[in-house]
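J.: Take this sequence and fold it.
(4 chains)
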There are 2 protein chains.
Amino acid sequence: MTAHDSLAAYARKFVPLSEEEAADLTAAFKEVKIKKRQFIVQPGFVAKHRWWVIKGAVRGYVIGDAGEDYTVQLAIEEWWISDYNSYIFQQPASMFVVALEDSVLLQISYEEEKKLKAASHAVETFFRILAERSTAAMQRRIIMNLTHTAEERYHYFLEKYPAMAERLPQYVIASFLGMTTEFLSKIRNQKLRRKS
Amino acid sequence: MTAHDSLAAYARKFVPLSEEEAADLTAAFKEVKIKKRQFIVQPGFVAKHRWWVIKGAVRGYVIGDAGEDYTVQLAIEEWWISDYNSYIFQQPASMFVVALEDSVLLQISYEEEKKLKAASHAVETFFRILAERSTAAMQRRIIMNLTHTAEERYHYFLEKYPAMAERLPQYVIASFLGMTTEFLSKIRNQKLRRKS
DNA sequence: CGGATCGTTGATCAACTTCAACGGTCGTGG
DNA sequence: CCACGACCGTTGAAGTTGATCAACGATCCG
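T.: Predicted structure coming up:
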């Protein structure tokens, strides 16, 4: 099965597409290969594309005032990634998006996506569903961050995303969970000097 | 201008609607009045509606294991609210949604919304845009929470949402920003014992 | 008037960061 | 092919941010 066929199959999980719609949708995506440490979005530049990961792992992050980095999004196979604030509004990005491994992506441009959505109600629905699911996922993440300690968030992450947990470097997971890599190391090794 | 006209005008900021589409859209919404402290979503029950605030203020929150409450969403005039994880997937809610003031809302049911989106490409587009904007806003909130201190988040909130800041009780703002009301009080009154 | 409700203040405490030092591993160029 | 950095993770000590606890004051409303 080709990369484009995978995407069509993925889209059909959410919305029924005619052969023609599926063909038009996938034709708008271009396969790109990126090397580990290669950037596809950088602050100050508009994110002109969104990407769907076929193979590999990609990370979106921002840099704080003191130079610390914070992972905002992670994507492995069958996940989407971009700087959505930049992509949706076509404004300069605040994020970096970089490959954590040599990766293969399917890339669609803002303009192409816009045309596709206008041309097909079903494709419009597909992107609406993606956006809704993304909203729901972000809401869950906000709740998790507000209501749980660093240690709880890590254990939840392990359970929910075991594939990422075993594959991604620790500093990426730590910064995704909103803690330092030192602290995550202590959690993992039970080196917490607890009163209890 | 009626409440339903306001909604039509709001929708037309994002997408062009024919007279018929606008009429169908607004007809699906029912005006509801709720009293301060009245709940419209409760954990365990499916959120069957989403609401658009015409007048008043509404708060969505979750309760942590130790009974602390965390504000997940706030809505005043022209904002949307629901428990989106519940509404989108039609699964039991984890949030409470409650009126902070006597409020007037426009309410649409999941089923009605579904029909409308299926019947009109433009309405589908409207909801897609809402979802995308919501995703982008949540991403900004995640970044803000990760990258800034409690004090910085408060000052940013003041600047960005002055209308809410002057109108909502302090404990609501504090829990929205992920801090205790005591701490927010100290920030506001500069009672922080700082080394600097 | 009297009880909720909301905000304030200070003392103490816990969660997590920062800083500094070090050890292992991986990959790349000489 | 091996040596030398980068990169990644670990550990401990000290420091900070913000939470918790407890008490109290003001205001609002029925």
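
J.: Chain A against DNA strand D: which residues are in contact?
T.: A:169-171, A:181-182, A:184-186, A:188-189, A:191 (CB under 7 Å from any atom of the strand). Any C-beta I mention is one placed from the backbone N, CA and C, and that applies to glycine too.

J.: Just give me the neighbour total for the residue nearest to residue A:26 when sequence neighbours are not counted.
T.: Counting by CB to CB, 6 or more residues apart in numbering or on different chains, residue A:4 is the residue found nearest to residue A:26 once chain neighbours are left out, at 4.0 Å. One way to gauge burial is a neighbour count; for residue A:4, by other CB atoms under 10 Å in any protein chain shown, it gives 19.

J.: how far away is residue A:4 from chain B?
T.: When CB to the nearest CB, to the nearest Å is applied, the distance between residue A:4 and chain B equals 23 Å.

J.: surely that residue meets residue A:25?
T.: No. Using CB atoms under 8 Å, residue A:4 is not in contact with residue A:25; the gap is 9.0 Å.

J.: what residues does chain A put near DNA strand C?
T.: Counting by CB under 7 Å from any atom of the strand, the residues of chain A that sit close to DNA strand C are A:66, A:68, A:149-151, A:178-180, A:182-183, A:186, A:194-195.

J.: Out of those residues, the closest to DNA strand D would be?
T.: The shortest gap between DNA strand D and any of those belongs to residue A:182, at 3.8 Å (CB to the nearest atom of the strand).

J.: Next up, identify which helix or strand the closest one is on.
T.: Taking DSSP states H and E as the criterion, residue A:182 maps to helix A:181-188.

J.: tell me the mean pLDDT over that helix?
T.: Computed over helix A:181-188, the mean pLDDT rounds to 96.

J.: Which neighbouring elements make contact with it?
T.: For helix A:181-188, the packing partners by 3 or more CB pairs under 8 Å, 6 or more residues apart in numbering or on different chains; DSSP states H and E come out as helix A:150-160, helix A:170-176.

J.: again, only this time at 6 Å
T.: Contacts of helix A:181-188 with other secondary structure elements, assessed using 3 or more CB pairs under 6 Å, 6 or more residues apart in numbering or on different chains; DSSP states H and E, are made with helix A:170-176.

J.: Could you pull out the buried residues of the helix it packs on?
T.: Within helix A:170-176, the residues that qualify as buried are A:172-176, counting by 16 or more other CB atoms under 10 Å in any protein chain shown.

J.: how about those in JSON lines, adding pLDDT?
T.: Below are the buried residues of helix A:170-176 laid out as JSON lines (pLDDT from 0 to 100):
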{"residue": "A:172", "pLDDT": "97"}
{"residue": "A:173", "pLDDT": "97"}
{"residue": "A:174", "pLDDT": "97"}
{"residue": "A:175", "pLDDT": "96"}
{"residue": "A:176", "pLDDT": "97"}
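
J.: And residue A:30, how far from DNA strand C?
T.: For residue A:30, the distance to DNA strand C under the criterion CB to the nearest atom of the strand, to the nearest Å works out to 26 Å.

J.: Give the closest residue to that residue in space, chain neighbours not counted.
T.: Here the nearest residue to residue A:30 in space, its sequence neighbours aside, is residue A:107; by CB to CB, 6+ apart that works out to 5.1 Å.

J.: Any chance you could list what contacts stretch A:20-35?
T.: A:3-4, A:7-8, A:99, A:102-108, A:112, A:116, A:120, A:122-123 (CB atoms under 6 Å, 6 or more residues apart in numbering or on different chains).

J.: so how far is that stretch off the chain centroid?
T.: Its chain's average C-alpha position is 18 Å from that of stretch A:20-35, according to CA atoms, centre = their mean, to the nearest Å.

J.: Can you say which helix or strand has residue A:108 in it?
T.: Secondary structure assigned from DSSP H and E places residue A:108 in strand A:103-109.

J.: Pairing partners for that strand, with directions?
T.: Paired neighbours of strand A:103-109 in the sheet (DSSP bridges): strand A:30-34 (antiparallel), strand A:49-55 (antiparallel).

J.: Buried ones in the shortest one, by neighbour count?
T.: Going by neighbour count (16+ other CB under 10 Å), the buried part of strand A:30-34 is residue A:34.

J.: is the biggest helix by length in chain A anywhere near chain B?
T.: Longest helix in chain A, counting residues (DSSP state H): helix A:121-147. Yes. Remark: helix A:121-147 sits within contact range of chain B at A:121, A:124-125, A:127-128, A:131-132, A:134-136, A:138-139, A:143, A:146-147, by CB under 6 Å from any CB of the partner chain.

J.: which regions of chain A sit below the pLDDT cut-off?
T.: Filtered on pLDDT under 70, chain A yields the residue ranges A:193-196.

J.: Domain-wise, how is it divided?
T.: When chain A is parsed with automatic domain parsing, its domains come out as A:3-135, A:148-196.

J.: would JSON lines of those domains with distance to residue B:159 be doable?
T.: Output for the domains of chain A, formatted as JSON lines (distance: least, CB to CB, whole Å):
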{"stretch": "domain A:3-135", "distance to residue B:159": "17"}
{"stretch": "domain A:148-196", "distance to residue B:159": "23"}
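
J.: Single out the most deeply packed of these.
T.: Among the domains of chain A, domain A:3-135 has the highest mean neighbour count (mean count of other CB atoms under 10 Å in any protein chain shown), at a mean of 18.

J.: so residue A:165 is in which element?
T.: Using DSSP H and E, residue A:165 sits within helix A:162-167.

J.: And for that helix, what's in contact with it?
T.: residue A:158.

J.: so how far is the first residue of stretch A:28-46 from its last?
T.: End-to-end distance of stretch A:28-46 (CA to CA, to the nearest Å): 19 Å.
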